[in-house]
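Colleague: turn this into a structure:
(one chain, ligands or ions: 1)
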Amino acid sequence: MSRTFVMVKPDGVRRGLVGEVIRRFEAKGLTLKAMKLIRVSPELAAQHYAEHREKPFYGELIQFITSGPAVPMVFEGREAVTVARTLMGATDPAKAVPGTIRGDFGLEITENVVHGSDSPESAEREIGLYFQPEELV
Ligand code: CMP
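Modeller: Got it, this is the predicted structure:
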């Protein structure tokens, strides 16, 4: 058993895709362990995306992720990080294959509907940023 961090980004919430994203993860067999609706603060966004601080898209990324409500979640299951990334598709929705979340619902690389941790280590770090231990059910 492993777990991963997933977040429906502000574009996904605005477009009413929260239920669709959760449905796909649950249909695959992952178990929802924690979830909430929040407005990501600039401070939290900076911690979350610290590894991208020097990237040219950093400013746009922080502006976008703080622009409206988002839905962070924790999913648990076998190979959770890899399975979640497979369900989401490529980071750039223009390259994501149909059948994946970004392949079916996205077109822009910044507004790409959903975030998922890229490794078990990132998952634990991101879960710790967004959730208190007692919020994992
Ligand atoms: P995410 O999985 O949340 O991790 C970092 C985010 O940066 C990524 O999804 C994209 O939404 C965003 N981003 C914007 N531009 C780029 C880019 N050129 N390459 C990678 N990620 C980008």
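Colleague: now for the closest residue to R24 other than its chain neighbours, how many residues are close by?
Modeller: Distances taken as Cβ to Cβ, 6 or more residues apart in numbering put L87 closest to R24, at 5.6 Å, once the chain neighbours are dropped. (C-beta placed from N, C-alpha, C; glycine too.) Residue crowding around L87 was assessed by other Cβ atoms under 10 Å; the count is 21.
Colleague: run through the residues that contact L87.
Modeller: Shown in contact with L87 (Cβ atoms under 8 Å, 6 or more residues apart in numbering): R24, F25, K28, T100, I101.
Colleague: what helix or strand does it sit in?
Modeller: L87 is located in helix 80-88, with elements delineated by DSSP states H and E.
Colleague: how far away is the closest residue to G99 other than its chain neighbours from I38?
Modeller: Among residues not flanking G99 along the chain, G89 sits closest, at 7.9 Å (Cβ to Cβ, 6+ apart). With the distance defined as Cβ to Cβ, to the nearest Å, G89 ends up 24 Å from I38.
Colleague: and L136, by the same measure?
Modeller: As judged by Cβ to Cβ, L136 and I38 stand 16 Å apart.
Colleague: please apply the same query to I22.
Modeller: For I22 relative to I38 (Cβ to Cβ), the value is 16 Å.
Colleague: swap in G19?
Modeller: 17 Å.
Colleague: between the two, who's got more neighbours?
Modeller: Between G19 and I38, counted using other Cβ under 10 Å, the more crowded position is I38 (12 against 9).
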